[in-house]
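Undergrad: okay, predicted coordinates and the sequence, questions at the end:
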Amino acid sequence: MTRGIDLRLPEPERRAAASFGGRWRDLLYVPGPGFASPLDPGRYRSSFVVIPVDGPAVRVSSLVVPAFGSDLCRLRLEPLASFRIQSLGSFFEPSRRGTVYAMSADRERGAARAPNEPGWSYEGPPLEPQFGDTVGVRLIRERVRGGIGDGAFSWVADRGLAVSASNGAEGLLLAEPDASESAVFVPVAGFYRALVDPAARATPGATVKDLLGYGDWEEPLQIELEIEQI
């Protein structure tokens, strides 16, 4: 008998995802170490806050579940009644870089300061022209099988959201299996296009299995992706 786990979005979170299909007022992030990748420019790792023009702000992170000797995950979407916008950085206004907290010299209290270290905040062009006017959201769902006989297992998980803008730009919000408070945002699909376009050319070292975080699995996995407009 195959052991299975269901990590699909519950209905309230699906409704939150659907709210991303209209115009956005802002896309915010938590600054700090590990935000920008020096090896993968254009890939940002944080928890994010999407502020649609119509609807409440929504926090985007990952829900991580230990299973089958590793970690599985799905995207997690949480409407926010309130949050400290001054502590967050903005992809729409890069000059707003938020704040990070560090211990004082005597290590007796915390102090807020600007995220001045390289890679701790967004330093690219404003993304408001691209993602201020989104026109569609697609859900990326993975279906995975592995093992044989009594050791067979499977899971289904809603891993990400692909966002399309009116000018043709695309972005991807993707859950990560190794950090429950973080997700990944890729404003230009690049080789991540393999997750939303079955016809995209595979890139060595960036196959669907690699991009989903299963490149180090020793057991063979059968991975199928479903793309659903929501």
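TA: Structure's in. What do you need?
Undergrad: and the pLDDT for Ala179?
TA: What the model reports for Ala179 is a pLDDT of 64.
Undergrad: wait, Lys209
TA: Lys209 is assigned a pLDDT of 90 by the prediction.
Undergrad: these two touch, right, it and Leu221?
TA: Yes. Using CB atoms under 8 Å, Lys209 is in contact with Leu221, at 6.6 Å. (C-beta placed from N, C-alpha, C; glycine too.)
Undergrad: quick one, strands of this protein?
TA: In the chain, the strands defined using DSSP state E lie at 3-7, 24-29, 44-46, 48-52, 57-67, 70-80, 89-90, 100-103, 110-113, 134-146, 153-165, 170-175, 183-186, 221-229.
Undergrad: mind checking which of the ones you listed is nearest Val196?
TA: Nearest to Val196 among these is strand 153-165 (4.6 Å), distances taken as CB to CB.
Undergrad: check which helices and strands that closest one sits against.
TA: strand 3-7, strand 70-80, helix 128-131, strand 134-146, strand 170-175 (3 or more CB pairs under 8 Å, 6 or more residues apart in numbering; DSSP states H and E).
Undergrad: partner strands of the fourth one and their direction?
TA: In other words, strand 134-146. strand 153-165 (antiparallel), strand 221-229 (antiparallel) (DSSP bridges).
Undergrad: which parts of it are buried?
TA: Thr134, Val137, Arg138, Leu139, Ile140, Arg141, Glu142, Val144, Arg145, Gly146 (16 or more other CB atoms under 10 Å).
Undergrad: among those residues, which one lies nearest to Ile5?
TA: Ile5 has its nearest neighbour among those in Val144, at 9.6 Å by CB to CB.
Undergrad: mind putting the strands of the chain into JSON lines with mean pLDDT?
TA: Compiled in JSON lines, the strands of the chain are given as follows (pLDDT from 0 to 100):
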{"stretch": "strand 3-7", "mean pLDDT": "91"}
{"stretch": "strand 24-29", "mean pLDDT": "95"}
{"stretch": "strand 44-46", "mean pLDDT": "95"}
{"stretch": "strand 48-52", "mean pLDDT": "95"}
{"stretch": "strand 57-67", "mean pLDDT": "94"}
{"stretch": "strand 70-80", "mean pLDDT": "94"}
{"stretch": "strand 89-90", "mean pLDDT": "96"}
{"stretch": "strand 100-103", "mean pLDDT": "72"}
{"stretch": "strand 110-113", "mean pLDDT": "68"}
{"stretch": "strand 134-146", "mean pLDDT": "92"}
{"stretch": "strand 153-165", "mean pLDDT": "94"}
{"stretch": "strand 170-175", "mean pLDDT": "93"}
{"stretch": "strand 183-186", "mean pLDDT": "94"}
{"stretch": "strand 221-229", "mean pLDDT": "93"}
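Undergrad: packing partners of the lengthiest helix in the chain?
TA: Ranked by residue count under DSSP state H, the longest helix found in the chain is helix 11-18. The contact analysis (3+ CB pairs under 8 Å, 6+ apart) places helix 11-18 against strand 70-80, strand 134-146.
Undergrad: which one of the ones you listed lies nearest to Tyr29?
TA: So among the helices and strands packed on helix 11-18, strand 70-80 is nearest, using CB to CB, at 13.9 Å.
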